[in-house]
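Trainee: Model the following, please.
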Amino acid sequence: MLQAISLSKHYQSHVALDNLNLEVKPGEIFCLLGQNGAGKTTTINLFLGFTEASSGKALINNIEVQSGSAETRKHLAYIPEVVMLYGNLSALENLDYFSMLAGFSYAQEELTAFLSQCGLQTAAHHKPLSGFSKGMRQKVGIAIALAKNAAAILMDEPTSGLDPKATDEFTELVKTLGKQGKSVLMATHDIFNAVNIGTHIGIMRQGKLIHTIKAADINASDLQKLYLETI
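Mentor: Below you'll find the model as predicted:
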């Protein structure tokens, strides 16, 4: 579903991403680890079409990403570190609005079902998002991804700032997405969560993907050791 082929991004003399080869199949959750500036967010932005590759290809469902094109974005949902939704609208209203932007029209019962599936309490469905915690906003973001029927979901530091309970709830939601056959690519600093949530883990350094590991083959302690040796 997601594929990078010799993907590179240069900003004049600075190499932000260097010859990345990466594949995320349906049902896989690929966690990218690395320090700030390692190339994680650049990778996400190239798949989103927010920036244009210097060389190589980013493919979504075998379609090459073109900057500004809607063709690949219809397969995608994006959950950034801070989910940007309308604070003056309720969870239901936000979900309805963004679903319609993606070309879907749902009855209120269906919208409610998406929000409940993502663990948002019924009492919060009609409340404005201005009063929501980050964890609650993330749940609305995932509900939007489900309503859009996105096959691939890109996440950039989605657990940053979440308390342990909210992180655990988010982790279970993402695992459910994987079980539903979604492809998830997540940039994160959280080594423990990467082992817990991912099917595959990549460690990046200075724009290069140095290691790719199956999460089932490593524990958090060994991953931390490998990470520190790599960076």
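Trainee: roughly how far apart are the spatially most central residue of the chain and Ala4?
Mentor: Within the chain, one residue has its C-alpha closest to the average C-alpha position: by CA atoms, centre = their mean, that is Met155, at 1.9 Å. Using CB to CB, to the nearest Å, we find Met155 at a distance of 16 Å from Ala4. Yep, even glycine has a C-beta here, placed from its N, CA and C like the rest.
Trainee: And Leu22, by the same measure?
Mentor: For Leu22, the distance to Ala4 equals 4 Å [CB to CB].
Trainee: shared neighbours, these two?
Mentor: Common contacts of Leu22 and Ala4 (CB atoms under 8 Å, 6 or more residues apart in numbering): Thr43.
Trainee: Of these two, which one has the most company?
Mentor: Ala4 (24 against 19; other CB atoms under 10 Å).
Trainee: Which residues does the helix or strand encompassing that one contact?
Mentor: Ala4 belongs to strand 2-11 when assigned by DSSP states H and E. The contact list for strand 2-11 (CB under 8 Å, 6+ apart) reads 15-24, 30, 42-43, 46-47, 51, 53-60, 62, 152, 183, 185, 207.
Trainee: Mind checking which of those residues are in strands?
Mentor: Judged by DSSP state E, the contacts of strand 2-11 include 15-24, 30, 55-60, 152, 183, 185 as members of strands.
Trainee: rewinding a little: can you tell me which of the contacts of strand 2-11 are buried?
Mentor: Burial by neighbour count, 16 or more other CB atoms under 10 Å: within these this picks out 15-18, 20, 22, 24, 30, 42-43, 46-47, 51, 53, 56, 58-60, 152, 183, 185, 207.
Trainee: Just the angle for the strand holding Ala4 relative to strand 55-60, thanks.
Mentor: Strand 2-11 runs at 140 degrees relative to strand 55-60, counting by axes from the mean of the first three to the mean of the last three CA atoms, to 10 degrees.
Trainee: Can you list the low-confidence ranges for this protein?
Mentor: Along the chain, segments meeting pLDDT under 70 span 67-69.
Trainee: domains in it, as residue ranges please.
Mentor: 2-75+151-230, 87-150 (automatic domain parsing).
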